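Peer 1: Could you look at this predicted model? Sequence included:
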Amino acid sequence: MILEKGKLKEILDNLKSENKKIVFTNGCFDIIHSGHITYLYKAKSFGDVLIIGLNSDDSVRRLKGESRPINNQSDRAFVLSALRMIDYITIFNEDTPLELIKELKPNVLVKGGDYTIETIVGADFVKENGGDVRIVPLVKGKSTSEIINKIKK
């Protein structure tokens, strides 16, 4: 389900009162591939509810360059919402999800194997609030950039 941050926070507050473990990850998710699916299934395994913070189109352009995203934020959110392991999606416009993480206060923060605990935005906040930070190994040879490069060739 795709929700604005405020409505999502209300729902998460209720779920937390039921002792549900909230897992958060974020990204551009521009062209969904098997590496994403593997990553998202693993992220979901760390808790009860999986939240995706999806970079807005403007945010993706600032991070990846003017030629990105390939798919707009509405299409990316729609595709993600069809994946059964994802419970909620919210779009954020900032360059990092730090403010979103601070507002949603997940129990578990998950990022891919191209990060270290020290480089994960929000890791300190989550740990200081009793949460856990997990890193999921990348699936070798599976990346959006590689797919785009292959298409260009």
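Peer 2: On my side now, so go ahead.

Peer 1: and the gap between residue 9 and residue 52?
Peer 2: For residue 9, the distance to residue 52 under the criterion Cβ to Cβ, to the nearest Å works out to 15 Å. Placement of C-beta: from N, CA and C, glycine included.

Peer 1: Between the two, which is the more surrounded one?
Peer 2: More neighbours sit around residue 52 than around the other of residue 9 and residue 52, counting by other Cβ atoms under 10 Å; the figures are 25 against 16.

Peer 1: just checking, that one touches residue 25?
Peer 2: Yes. Distance between residue 52 and residue 25: 6.3 Å, which falls inside the contact criterion (Cβ atoms under 8 Å).

Peer 1: what's in contact with stretch 37-49?
Peer 2: Where contact means Cβ atoms under 8 Å, 6 or more residues apart in numbering, the residues beyond stretch 37-49 that reach it are 12, 15, 20-23, 25, 50, 83, 85-88, 107-108, 110, 112, 132, 134, 136, 138-139, 142.

Peer 1: So which of these belong to strands?
Peer 2: When DSSP state E defines the strands, the subset of the contacts of stretch 37-49 inside them is 22-23, 25, 50, 88, 108, 110, 112, 132, 134, 136.

Peer 1: which of those lies closest to residue 77?
Peer 2: Set against residue 77, the nearest of the ones in strands among the contacts of stretch 37-49 by Cβ to Cβ is residue 88 (10.7 Å).

Peer 1: Give me the local confidence score for residue 82.
Peer 2: Residue 82 is assigned a pLDDT of 97 by the prediction.

Peer 1: Can you tell me the number of residues neighbouring it?
Peer 2: Summarising burial for residue 82: neighbours were counted as other Cβ under 10 Å, giving 8.

Peer 1: show me what contacts it?
Peer 2: With contact set as Cβ under 8 Å, 6+ apart, residue 82 has no partners.

Peer 1: Wait, residue 115 touches residue 135, no?
Peer 2: Yes. Using Cβ under 8 Å, residue 115 is in contact with residue 135, at 6.1 Å.
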